[in-house]
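What shape does this take:
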Amino acid sequence: RNRVLEPVVLRPNLMAAVPPPLRVEPVLLHPLPPPPHLLVEPKNPPPPRVTKSRKIEKRVITLIGLGTGNADTLSRGAEKALRELSLHQQNGTGILFLRTAIHPTVALLNEWGLAYTPLDSYYEQGSDFAAVYQAITQRVLSSVTTQTPHIGYAVPGHPLFAEEASQRILEGAKEQGITT
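Predicted coordinates:
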């Protein structure tokens, strides 16, 4: 279907002779999505399908500092980690442990509706701090499984400043090949 164009001949009374238009049919390599103004949202969308992932997730323990107790001093990274771990706890894929629920930031966590597991009972039952730190370390490390690979341990202040349990958790995680 190749057409040969004929030469254009200029005539004195006309500006230029125009050759007949070529008929070109568009070829789409893939269909284009409809324009946004034609998209219609369903009134009652179906609920999202919950499927168990066959991919084995990496086991991770996240140490989080709750700061001094003022909501303005809680870092954005700490807030993000708290929210993500709370979702994991609600979904059954993780646990957010609080060393203690007796801290001003916990009121903010409650206001946000976050799920967490306080460890205050270990202090009430322990005979001394060494036993308490050992019990907390065992609880946190034993909670990291293939079903619950996301574990958080939140403490008042900074997790690495004067926190014996945090240091023990880091050491135990390293021995067990758990990412921190």
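
drop to CA atoms for contacts and neighbour counts, all remaining ones
Will do.

mind listing the helices for the chain?
76-91, 104-112, 120-125, 129-143, 164-176 (DSSP state H).

Buried residues, the first one. List them.
Buried residues in helix 76-91, counted by 16 or more other Cα atoms under 10 Å: 78-79, 81-89.

Phi, psi for residue 145 please.
phi -130, psi 180 (degrees, to the nearest 10).

residue contacts, it?
By Cα atoms under 8 Å, 6 or more residues apart in numbering, the contact list for residue 145 reads residue 59.

Just the pLDDT at it, thanks.
Residue 145 carries a pLDDT value of 83.

before we move on, what about residue 93?
For residue 93, pLDDT reads 88.

how many neighbours does the closest residue to it other than its chain neighbours have?
Among residues not flanking residue 93 along the chain, residue 148 sits closest, at 4.3 Å (Cα to Cα, 6 or more residues apart in numbering). Neighbour count for residue 148, taken as other Cα atoms under 10 Å: 18.

go on, residue 110?
Residue 110: 11 neighbours (other Cα under 10 Å).

for residue 71, same thing?
Residue 71 has 16 nearby residues by other Cα under 10 Å.

likewise residue 141?
Counted with other Cα under 10 Å, residue 141 comes out at 18.

Wait, residue 108 touches residue 71, no?
Yes. Proximity of residue 108 to residue 71 meets the contact threshold set by Cα atoms under 8 Å, at 7.1 Å.

any residues in contact with both of those two?
What both residue 108 and residue 71 touch, as defined by Cα under 8 Å, 6+ apart, is an empty set.

coming back round to it: using TSV, lay out the helices of the chain together with distance to residue 64.
Formatted as TSV, those follow (distance: least, Cα to Cα, whole Å):
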stretch	distance to residue 64
helix 76-91	6
helix 104-112	12
helix 120-125	17
helix 129-143	13
helix 164-176	10
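
Let me know which of those is the nearest to residue 60.
helix 164-176 (8.7 Å; Cα to Cα).
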